[in-house]
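Peer 1: Got a predicted structure plus its sequence, pasted below:
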Amino acid sequence: DKGAAASTLVLLTAAVPVLMAAQNWDDHDRSDRYTARDIGANYLKSCAPNSVLFTYGDNDSFPVWYVQDVEQVRTDVRVANLSYIQAGWYIEMMRQKAFDSDPLPLSLKYEKYVEGVRTQLPVNNRVDKPVDLKSVVEFAGYDDKKYMVDLSGRGDFLNYLPANKFVIDVDTAKVLKNGTVKEYFKDRIVSPMIWEYTDEDAFKGDLAIMDLLSTNKWERPVYYSTTVPSSQYKGLEKYFVQEGLAYRVSPIKTRESEQGEFGMIDPLVMYDNLMNKFTWGNAEDPDVYLDENNRRMFSNFRRLFANLGKELLLTGDTARAVEVAHRGLELVPAEKMPNDFFTIGLAEILIRGGKVEEGEKLLGDIVNYSREYLDYTLTLTTDERFGLEYATGINMQALLDIYNMSVVFKLASLTEAMEPVINNYYSKLYSAK
């Protein structure tokens, strides 16, 4: 009857949101998850007192601003977003004191950075030798057309940079005394520091950074967060020293980095930061849900710990290297986030640190995870695999890297087991194309 039908409709209508809540609650439950807050604080804790920290995107800026503004964490650090610093109004904000952070020391006046001027500055190598950076900044600030270039030939005059190699003076005694360069890096100091600018054009924000570096005279530490895209480094990466979730610009000759990495690591400062100062927002708690953004970040953090561990091994500090590897594995347990490509470095540290059995077991877990994913990929048609190229490739790369590691460390049984596995997946995933 109509009454029964109406009751059924009401029940079904009420059941829909109940079912949705029951099935999706865990994917949306953020209770006890403080990863954004803690990671934001970790960026700040990576910096020495009274620093300038350049960030770029949402994930390395908004959490940092929150913990400074609301929780008053490291208010001595001036955070400057590289996406915003292309605007004159933002550069003007940087001239003002914020919290306990002093204004940025910029030499060019406000009108030199207003909207519509110095938006783009071509790099014209009229001077084929390194030029004092302060002189370059002054040159770019001139308003007379004789100091400009007419790119189109129709009167479109632009300020430009007359060289792409800049000299930044370095007072050796000063940078050692104020901690810009640690005593153990003393033999690596370069004086002067030559910045080879890598782009064909500079923009308003680049000019502001040049202004800062030329005026600062190594008084305030300058950092780039590790999440800033490498396209924003503009050649400064040759002088990056990683101290946590940030690279410090230091006038030292750094070692050549591994592929995908930049600068070199300060193992003492970075160890103290990662092991003693940083917190991770309950990421290890099995009841705290990590979405794909958090999982991606913590995959990179596993790699961060691995890089530190490798640096400690280079210094001969095996005990601390193994300690770092174990901490990297504890960040998010494997039961919650399986060990994958980004965990290989931690396994390498364990093997090189004498924990061979533990390292081999970890490699076995990574192999199993990669094989599960690749087996799933093989069940899909070519069209269904669209968009999975990165994940497929990185799991295939995990198998290749583990095979190569087994050869290097003479893990004969692992080498023997890996060869047919790799050949099988390669033939099925790539050879048929």
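Peer 2: Noted; the coordinates are in hand.
Peer 1: tally of neighbours for the nearest residue to residue 365 once chain neighbours are set aside?
Peer 2: Excluding the flanking residues, the one nearest residue 365 by C-beta to C-beta, 6 or more residues apart in numbering is residue 339, at 4.8 Å. C-beta coordinates here come from the backbone N, C-alpha and C atoms, glycine included. Residue crowding around residue 339 was assessed by other C-beta atoms under 10 Å; the count is 26.
Peer 1: quick one, helices of the stretch 201-350 of the chain?
Peer 2: Taking DSSP state H, counting those that start in this stretch as the criterion, the stretch 201-350 of the chain carries its helices at 204-216, 267-272, 292-314, 318-330, 344-352.
Peer 1: Quick check: which of these is nearest to residue 360?
Peer 2: helix 344-352 (7.2 Å; C-beta to C-beta).
Peer 1: what's the offset of the closest one from the middle of its chain?
Peer 2: 22 Å (C-alpha atoms, centre = their mean, to the nearest Å).
Peer 1: now it and helix 318-330, what's the angle there?
Peer 2: Interaxial angle, helix 344-352 versus helix 318-330 (axes from the mean of the first three to the mean of the last three C-alpha atoms, to 10 degrees): 140 degrees.
Peer 1: avg pLDDT for helix 344-352?
Peer 2: The average pLDDT for helix 344-352 rounds to 98.
Peer 1: That helix packs against which elements?
Peer 2: Contacts defined by 3 or more C-beta pairs under 8 Å, 6 or more residues apart in numbering; DSSP states H and E place helix 344-352 against helix 292-314, helix 318-330, helix 356-378, helix 389-408.
Peer 1: Please repeat the previous calculation with a cut-off of 6 Å.
Peer 2: Other helices and strands packing on helix 344-352, by 3 or more C-beta pairs under 6 Å, 6 or more residues apart in numbering; DSSP states H and E, are helix 292-314, helix 318-330, helix 356-378.
Peer 1: just for the stretch 201-350 of the chain, where's the confidence low?
Peer 2: Along the stretch 201-350 of the chain, no part satisfies pLDDT under 70.
Peer 1: what about residue 80, helix or strand, and which?
Peer 2: Residue 80 is part of strand 78-81, with elements assigned from DSSP states H and E.
Peer 1: which is the next helix or strand following that strand?
Peer 2: Taking DSSP H and E as the definition, the helix or strand right after strand 78-81 is helix 88-94.
Peer 1: For that following helix, buried residues please.
Peer 2: For helix 88-94, the neighbour count (16 or more other C-beta atoms under 10 Å) marks 88, 90-91, 94 as buried.
Peer 1: returning to that earlier point: how close does the residue nearest to residue 365 get to residue 408?
Peer 2: Separation of residue 339 from residue 408 (C-beta to C-beta, to the nearest Å) stands at 20 Å.
Peer 1: Distance to residue 72 and mean neighbour count added to the helices of the stretch 201-350 of the chain, as JSON lines?
Peer 2: Shown next, in JSON lines, are these (distance: least, C-beta to C-beta, whole Å; neighbours: other C-beta atoms under 10 Å):
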{"stretch": "helix 204-216", "distance to residue 72": "25", "mean neighbour count": "22"}
{"stretch": "helix 267-272", "distance to residue 72": "22", "mean neighbour count": "20"}
{"stretch": "helix 292-314", "distance to residue 72": "24", "mean neighbour count": "19"}
{"stretch": "helix 318-330", "distance to residue 72": "27", "mean neighbour count": "20"}
{"stretch": "helix 344-352", "distance to residue 72": "34", "mean neighbour count": "23"}
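Peer 1: Now distance to residue 13 too, for those helices, in TSV please.
Peer 2: Compiled in TSV, the helices of the stretch 201-350 of the chain are given as follows (distance: least, C-beta to C-beta, whole Å):
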stretch	distance to residue 13
helix 204-216	54
helix 267-272	56
helix 292-314	32
helix 318-330	46
helix 344-352	51
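Peer 1: Looking at these, which is nearest to residue 245?
Peer 2: helix 292-314 (7.7 Å).
Peer 1: Can you pull the phi/psi pair for the closest residue to residue 283 other than its chain neighbours?
Peer 2: Closest residue in space to residue 283, ignoring its immediate chain neighbours: residue 332 at 5.2 Å, by C-beta to C-beta, 6+ apart. Phi and psi for residue 332, reported as degrees, to the nearest 10, are phi -140, psi 110.
Peer 1: Tell me the spacing between residue 332 and residue 296.
Peer 2: Separation of residue 332 from residue 296 (C-beta to C-beta) stands at 12 Å.
Peer 1: Kindly report the same for residue 387.
Peer 2: Distance, residue 387 to residue 296, using C-beta to C-beta: 16 Å.
Peer 1: And stretch 354-368, what's buried?
Peer 2: Buried, per 16+ other C-beta under 10 Å, within stretch 354-368: 355, 358-360, 362-363, 365-367.
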